[in-house]
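Q: Sequence and predicted structure are below.
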Amino acid sequence: MTADTYRVGMAIVIEALCVIVTLIALLDTVADFRGWPNVTENIDAWTQRNPWLARALVLFLFVLLAHFVLNPLPRG
Amino acid sequence: MNIVGRHRAQAIGSHIFHIAITVGIFASGSTIAFLVWRAPTPPSCVYTIDRLPDPWLFVIGVVAFVIGHYVGVVLPDRPPKSTDASVKAGRAAMVLVFFGATLVWIFEAIGTAQIALASGAKLEPITYYTRCAIYFDADFTGGWFTRIAIFGIFLIAGHWFWSDALTRPAVKR
């Protein structure tokens, strides 16, 4: 275990997630200004066209959640 | 206020809401990242209490996923017609998403390889930091931030990827 990298590693992870979510929110803002279908409506259309890809993505999300919260932490 | 005036006021309100959300997400996320980076006494990822596995966190994800689907059933979308510009913007968005995902996987690869920093310390995979954050969230907030984050992510996943659009009748325009 290398606990002293927590600050750097965690800050990078948080900022990476922050940038991705900000870009999505920015796209939604542009769609709002221009009267285009918003992000939810675009993804809804994509899900209709690609139901198996959407199911695979959902499976991946739940596998990731199980990996995070259903495994024991190493002691010590 | 007449109908035109009301629609205009709604549009302006929607614009302000979207700008505020975008700025708010970036400002709050960057502030949290900065505070974590500059924390004077960082938490150590050495575990003394068995806080995981926690099956209830998984149950929260499942429940939020189902609720996200039914939000779409109760409040179905009324999408405006696509234009050439909006289709191009959609493609650009997909490029951005894949670019962001690539950066995340590069970081994951560096963490998995445990490449050393100049200080001699080694970076770890994203899983390591996520599970460490869940562990210490139990100390700082009683685990509520973890629960809210899982609920929010899977609510959106249920709304987006378990689409109600296949079963609802088409909207006439």
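A: Okay, I see it.
Q: pLDDT at the spatially closest residue to A:Ala25 that is not a sequence neighbour, what is it?
A: By the measure of Cβ to Cβ, 6 or more residues apart in numbering or on different chains, the closest residue to A:Ala25 outside its immediate chain neighbours is B:Thr22, 4.2 Å from it. Backbone N, C-alpha and C define where each C-beta goes, glycine included. Model confidence at B:Thr22, given as pLDDT, is 86.
Q: ok, B:Thr22 - contacts?
A: A:22, A:25-26, A:28-29 (Cβ atoms under 8 Å, 6 or more residues apart in numbering or on different chains).
Q: For A:Asp44, state which of those is nearest.
A: Using Cβ to Cβ, A:Asp28 is the member of those that sits closest to A:Asp44, with 13.5 Å.
Q: where's A:Gln48 relative to B:Ile153, distance?
A: Between A:Gln48 and B:Ile153 the distance is 22 Å, computed by Cβ to Cβ, to the nearest Å.
Q: more neighbours, these two?
A: Per other Cβ atoms under 10 Å in any protein chain shown, whichever of A:Gln48 and B:Ile153 has more neighbours is B:Ile153, with 17 against 12.
Q: Return the list of helices and strands in contact with the host helix or strand of that one.
A: Assessed by DSSP states H and E, B:Ile153 sits inside helix B:144-161. If contacts are counted by 3 or more Cβ pairs under 8 Å, 6 or more residues apart in numbering or on different chains; DSSP states H and E, helix B:144-161 sits against helix A:39-49, helix A:51-69, helix B:55-74, helix B:126-140.
Q: So what's the residue count around the residue nearest to B:Gly158 when sequence neighbours are not counted?
A: Once its chain neighbours are removed from consideration, B:Gly158 has its nearest residue in B:Gly68; the separation is 2.5 Å (Cβ to Cβ, 6+ apart). As a burial measure, B:Gly68 scores 21 neighbours (other Cβ under 10 Å).
Q: Quick check: B:Gly68 vs chain A, distance?
A: Note on B:Gly68: its distance to chain A, by Cβ to the nearest Cβ, to the nearest Å, is 11 Å.
Q: try B:Lys122
A: On the measure of Cβ to the nearest Cβ, B:Lys122 and chain A end up 5 Å apart.
Q: wait, isn't that residue in contact with A:Thr5?
A: Yes: look at B:Lys122 against A:Thr5 with Cβ atoms under 8 Å: they come within range, at 6.3 Å.
Q: Just the buried positions in the lowest-mean-pLDDT helix or strand in chain A, please.
A: Each helix and strand of chain A was given a mean pLDDT (mean pLDDT, DSSP states H and E); the minimum falls on helix A:39-49 at a mean of 80. With burial defined by 16 or more other Cβ atoms under 10 Å in any protein chain shown, the residues of helix A:39-49 counted as buried are A:39-47.
Q: give me the element the closest residue to chain B within chain A is part of.
A: Closest residue of chain A to chain B, Cβ to the nearest Cβ: A:Cys18 (2.7 Å). Under the criterion DSSP H and E, the helix or strand holding A:Cys18 is helix A:6-34.
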